[in-house]
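[1] Sequence plus the predicted model coming up.
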Amino acid sequence: MGSYLPGWLIAALLALLTILAYQPVWHAGFIWDDDNFLVDNRLIKAGDGLYRFWCTTDAPDYFPMTSTTLWLEWRFGAPTRWDTIWSMCCCMRPVRCCLWRVLVRLKVQGAWLAAALFALHPVNVESVAWITERKNTLAMFFSAWTLLWYLRFEDTGRKRWYWLGLGVFALALLSKTAVVTLPVVLLGFAWWRRGRIERRDVWRRLPFFAMAGLLGLVTVWFQYHRAIGSDIVRADSLGMRLAGAGWAVWFYLYKALWPLNLSFVYPRWEIDASKPTFISAGVADCGGFGRVLALPAALGRPVLFALGCFVVMLLPVLGFANIYFMRYSLVADHWQYFSILGPIALAGAGLTIAGKRWGERTRA
């Protein structure tokens, strides 16, 4: 379908799908801490709020770009939930188009279908319906432009695309540092396109890694000194965290492929690293990648690339560092918002290839 429709029409269809899919949440009520985050947030109402978001430690997290958008909305009149959700949907529409263009540049089949699946996937609803997760949608917005502009730089050699990509990546990190592992995905692009990673690929991505490392450390400081404070979120050993991370990867993959029984807050796991279920999850992770490596290159390479991106983008939320929400649950739908594109792109390509083969058979 993507090859038969003009680009503007595909973009319009993706935008329409997004609007229709999220229409039910426009008039929903506040969720969890939305009222505290938006209506009762004294920093958003303060005249010097921008300075305090960017230059002080008054906020519980250092996501000044996200806070700036809410501060500006408040200046134009106290936003209602409808206003905020609508602005988030407006932010998401160009994301779908950017992701579609990224997959086209990577020559992934079914790029339009993958973008549509991302727009409609039930797991992603939490990131839009929960106003507090404005940081998710905003970080994804800037991350999508980062990917697209970096690929344009590689295709054209024009340095302006490189600096634009680096600039919007900084904005993505300042919206939410969960995208801290995005430079690894950029490095994976070199392997996907050329089958190897050269020295120049590493050098070109070093500024992205440096920026991610710096702002990642800032976020860790805020989490431990402002958001969490003296509360004990997790006291697990490294072995227990590894066991939980192995289980979490399979949990997220299951929800990505079969999104049933979704929950805003999943029951908190009681991890016992000595139990076979948790041990087997980590073994299965390693064994799964081993099996993928053993596949023929035509099949194994795209599967390895997609699942590799999936796991890499999950790393910040797998429990190796404490996150305040882990007091309630060790997993959350909004935590795989950045990583889910890998399995979705793989599914979109697989369905497209299968559809073409089925069409050839029916014509014969």
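    Cool, got the structure.
[2] Please count neighbours and contacts with C-alpha atoms only from this point.
    Will do.
[3] right, and residue 103 touches residue 113 too?
    No - Residue 103 is beyond contact range of residue 113, at 10.4 Å (criterion: Cα atoms under 8 Å).
[4] Between those two, tell me which one has more neighbours.
    For residue 103 versus residue 113, neighbours defined as other Cα atoms under 10 Å are more numerous around residue 113 (22 against 19).
[5] What score does that one have for pLDDT?
    At residue 113, the pLDDT value in this model is 89.
[6] how near is it to residue 137?
    Noted for residue 113: a distance of 20 Å to residue 137, by Cα to Cα, to the nearest Å.
[7] for residue 201, same thing?
    Distance from residue 201 to residue 137, counting by Cα to Cα: 28 Å.
[8] cool, and residue 127?
    For residue 127, the distance to residue 137 - Cα to Cα - is 7 Å.
[9] So for the two, which sits in the more crowded spot?
    residue 137 (26 against 20).
[10] can I assume the more buried one is in contact with residue 130?
    No - using Cα under 8 Å as the test, residue 137 is too far from residue 130 to be in contact (10.4 Å).
[11] all helices of the stretch 51-200 of the chain, in order?
    For the stretch 51-200 of the chain, the helices defined by DSSP state H, counting those that start in this stretch occupy 64-75, 81-105, 111-120, 125-129, 134-156, 159-175, 182-194, 199-222.
[12] Can you lay out the ones you listed as CSV showing distance to residue 322?
    Formatted as CSV, those follow (distance: least, Cα to Cα, whole Å):
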stretch, distance to residue 322
helix 64-75, 21
helix 81-105, 27
helix 111-120, 28
helix 125-129, 20
helix 134-156, 18
helix 159-175, 18
helix 182-194, 20
helix 199-222, 9
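[13] who wins for proximity to residue 21 among those?
    Comparison of the helices of the stretch 51-200 of the chain against residue 21 by Cα to Cα identifies helix 111-120 as nearest, at 6.4 Å.
[14] List the contacts of that closest one.
    2, 10, 14, 17-18, 21, 96-97, 99-101, 103-104, 124, 341, 344-345, 347-349, 352 (Cα atoms under 8 Å, 6 or more residues apart in numbering).
[15] right, and residue 145 touches residue 167 too?
    No - contact criterion Cα under 8 Å: residue 145 and residue 167 do not qualify, at 9.9 Å.
[16] Between the two, tell me which one has more neighbours.
    residue 145 (25 against 15).
[17] Please report the distance of the more buried one from residue 182.
    Relative to residue 182, and taking Cα to Cα, residue 145 is found at 12 Å.
[18] buried set for the strand or helix carrying residue 303?
    Remark: residue 303 resides in helix 297-314, with elements defined by DSSP states H and E. Judged by neighbour count using 16 or more other Cα atoms under 10 Å, the buried positions of helix 297-314 are 301-314.
[19] who does the helix or strand that it is followed by touch, helix- and strand-wise?
    Next helix or strand after helix 297-314 toward the C-terminus (DSSP H and E): helix 341-363. Applying 3 or more Cα pairs under 8 Å, 6 or more residues apart in numbering; DSSP states H and E, we find helix 341-363 packed against helix 111-120, helix 238-257, helix 297-314.
[20] in the stretch 51-200 of the chain, what spans have low per-residue confidence?
    77-93 (pLDDT under 70).
[21] buried ones in stretch 49-58?
    Result for stretch 49-58 [16+ other Cα under 10 Å]: buried residues 49, 50, 52, 53, 54.
[22] Among the residues you listed, which pair sits farthest apart?
    49 and 54 (8.6 Å).
[23] In stretch 311-330, which of the residues would be classed as buried?
    Going by 16+ other Cα under 10 Å, stretch 311-330 has these buried residues: 311-320, 322-324, 330.
[24] Sorry, wrong one. I was asking about stretch 351-358.
    Those would be 351, 352, for stretch 351-358 by 16+ other Cα under 10 Å.
[25] about what we covered before: of the contacts of helix 111-120, which qualify as buried by neighbour count?
    If we count by 16+ other Cα under 10 Å, the contacts of helix 111-120 have these buried: 2, 10, 14, 17-18, 21, 96-97, 99-101, 103, 124, 341, 344-345, 347-349, 352.
[26] Would you agree residue 122 is in contact with residue 257?
    No - assessed by Cα under 8 Å, residue 122 is found out of contact with residue 257, at 10.6 Å.
[27] more neighbours, those two?
    Between residue 122 and residue 257, residue 122 has the larger neighbour count (other Cα under 10 Å), namely 17 against 14.
[28] Can you tell me how far that one is from residue 164?
    Distance from residue 122 to residue 164, by Cα to Cα: 32 Å.
[29] Quick one, grab the pLDDT at the residue nearest to residue 245 when sequence neighbours are not counted.
    What sits nearest to residue 245 in space, not counting adjacent residues and going by Cα to Cα, 6 or more residues apart in numbering, is residue 318, at 5.0 Å. Listed pLDDT for residue 318 reads 91.
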